[in-house]
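Undergrad: any chance you can model this:
(one chain, ligands or ions: 1)
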Amino acid sequence: MLMLLLILIFILILILGYTVLPYLLTSLFGYGVFRKGSQSSYIALTFDDGPDRHYTPQLLDLLKKHQVKATFFVVGKKAANHPDLIWRMHQEGHLIGLHNYVHRSNWTMSPWRIKRDLDRSADIVEKITGCRPIYYRPPWGLLAVFDFFLLKRYNIILWSLMTGDWRSKGGSAKIKNGILNHVKNGDVILLHDSGETWGANLDAPSYTIEALKDVLAELPKRGFSYQRIDEMMNGTTEHMLHKKRG
Ligand SMILES: [Zn+2]
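TA: Okay, the predicted model is just below:
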């Protein structure tokens, strides 16, 4: 009986070590990840979960209109399905990072599966744009403990400001106020250009885009400018910048 209990405790420690430990290290202490730029007036807009056939083109139109360069963390499988949208992001000066091959938490995958899927996604983007992505945001920001070793060739990017824009509840006002009332120098803002993810609402990106119409008009008036994540990381010391290998 005691033996069984000890085995159960051991398994529990292993599971917590794989999941909760990296969560505490990254989300509370920022270990090994980039979450925020320096105190300059630059901010970074980042968009997860796309590309999306319906919403991504609308978003790209809006960014172009305001001459904003953003960062897209794309899902590998969707990138393969919509190469024209990946090409357009690249052509219009946006940075493309990765967000797994399918939108699944690293907590539910083996280290080998995570690495294989990520490399596969990088291959897909590289084939379309000619540039190999070196920036990575894990779905829901959740890292597994071995990711720190396996992902040495990727810079792991989290965020410093989010508004819950994956849910339609609250509409565009929630997103607009969430950004305009809280934005600070160096913020990395988490947004979404697809609502197909588990836990999200399909039409949620329509509110994100609606909110951005006002937000993009307002932020420059307050003195903010935009940077892609690679530009922002090069202008700060709060990061671990890994050299691309091989
Ligand atoms: Zn996501």
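Undergrad: now do stretch 60-78: distance to the chain's middle.
TA: If you compare the mean C-alpha spot of stretch 60-78 with that of the full chain, they lie 12 Å apart, counting by CA atoms, centre = their mean, to the nearest Å.
Undergrad: start to end distance for it?
TA: Between the start and the finish of stretch 60-78 there is a gap of 16 Å, counting by CA to CA, to the nearest Å.
Undergrad: so which bits of that stretch are buried?
TA: By neighbour count, and taking 16 or more other CB atoms under 10 Å as the criterion, the buried residues in stretch 60-78 are 60, 63, 68-78. Every residue, glycine included, has its C-beta placed from N, CA and C.
Undergrad: likewise stretch 176-186?
TA: If you call a residue buried by 16+ other CB under 10 Å, then stretch 176-186 has these buried ones: 176, 178-179, 183, 186.
Undergrad: and for stretch 30-47?
TA: Counting neighbours by 16+ other CB under 10 Å, one finds that the buried residues in stretch 30-47 are 32-37, 42-47.
Undergrad: can that stretch be found next to the ion?
TA: No. Using CB under 5 Å from the ion, no contact is recorded between stretch 30-47 and the ion, whose separation bottoms out at 9.8 Å.
Undergrad: export that stretch to PDB, keeping only CA atoms.
TA: Output of stretch 30-47 as PDB, limited to C-alpha atoms (Å, rounded to 0.1, in the frame of the first residue of the first chain):
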ATOM      1  CA  GLY A  30       9.800  35.100 -17.400                       C
ATOM      2  CA  TYR A  31      12.600  32.500 -17.500                       C
ATOM      3  CA  GLY A  32      13.800  31.700 -21.000                       C
ATOM      4  CA  VAL A  33      11.000  33.600 -22.700                       C
ATOM      5  CA  PHE A  34      10.400  37.100 -24.200                       C
ATOM      6  CA  ARG A  35       7.300  38.900 -22.900                       C
ATOM      7  CA  LYS A  36       7.900  42.600 -23.100                       C
ATOM      8  CA  GLY A  37      10.100  45.100 -24.800                       C
ATOM      9  CA  SER A  38      12.100  47.900 -23.200                       C
ATOM     10  CA  GLN A  39      10.600  51.100 -22.000                       C
ATOM     11  CA  SER A  40      10.600  52.800 -25.400                       C
ATOM     12  CA  SER A  41       7.300  53.800 -26.900                       C
ATOM     13  CA  TYR A  42       7.300  50.800 -29.200                       C
ATOM     14  CA  ILE A  43       4.700  48.100 -28.900                       C
ATOM     15  CA  ALA A  44       4.200  44.800 -30.800                       C
ATOM     16  CA  LEU A  45       0.900  43.500 -32.200                       C
ATOM     17  CA  THR A  46       0.900  39.700 -32.300                       C
ATOM     18  CA  PHE A  47      -1.800  37.500 -33.900                       C
END
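Undergrad: how far is it from where the chain is centred?
TA: 11 Å.
Undergrad: swap in stretch 172-186?
TA: Taking the mean C-alpha point of stretch 172-186 and that of its whole chain, the gap between them comes to 18 Å (CA atoms, centre = their mean).
Undergrad: using PDB, write out every CA atom in it.
TA: Below are the C-alpha coordinates for stretch 172-186, written out as PDB (Å, rounded to 0.1, in the frame of the first residue of the first chain):
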ATOM      1  CA  SER A 172     -15.200  45.100 -29.900                       C
ATOM      2  CA  ALA A 173     -15.600  47.500 -26.900                       C
ATOM      3  CA  LYS A 174     -14.000  45.000 -24.500                       C
ATOM      4  CA  ILE A 175     -11.000  44.700 -26.800                       C
ATOM      5  CA  LYS A 176     -10.700  48.400 -27.600                       C
ATOM      6  CA  ASN A 177     -10.900  49.400 -24.000                       C
ATOM      7  CA  GLY A 178      -8.700  46.500 -22.900                       C
ATOM      8  CA  ILE A 179      -5.900  47.900 -25.100                       C
ATOM      9  CA  LEU A 180      -6.400  51.600 -24.900                       C
ATOM     10  CA  ASN A 181      -6.800  51.700 -21.100                       C
ATOM     11  CA  HIS A 182      -3.900  49.400 -20.300                       C
ATOM     12  CA  VAL A 183      -1.300  49.700 -23.000                       C
ATOM     13  CA  LYS A 184       2.200  50.600 -21.900                       C
ATOM     14  CA  ASN A 185       5.600  51.100 -23.500                       C
ATOM     15  CA  GLY A 186       7.100  47.900 -24.700                       C
END
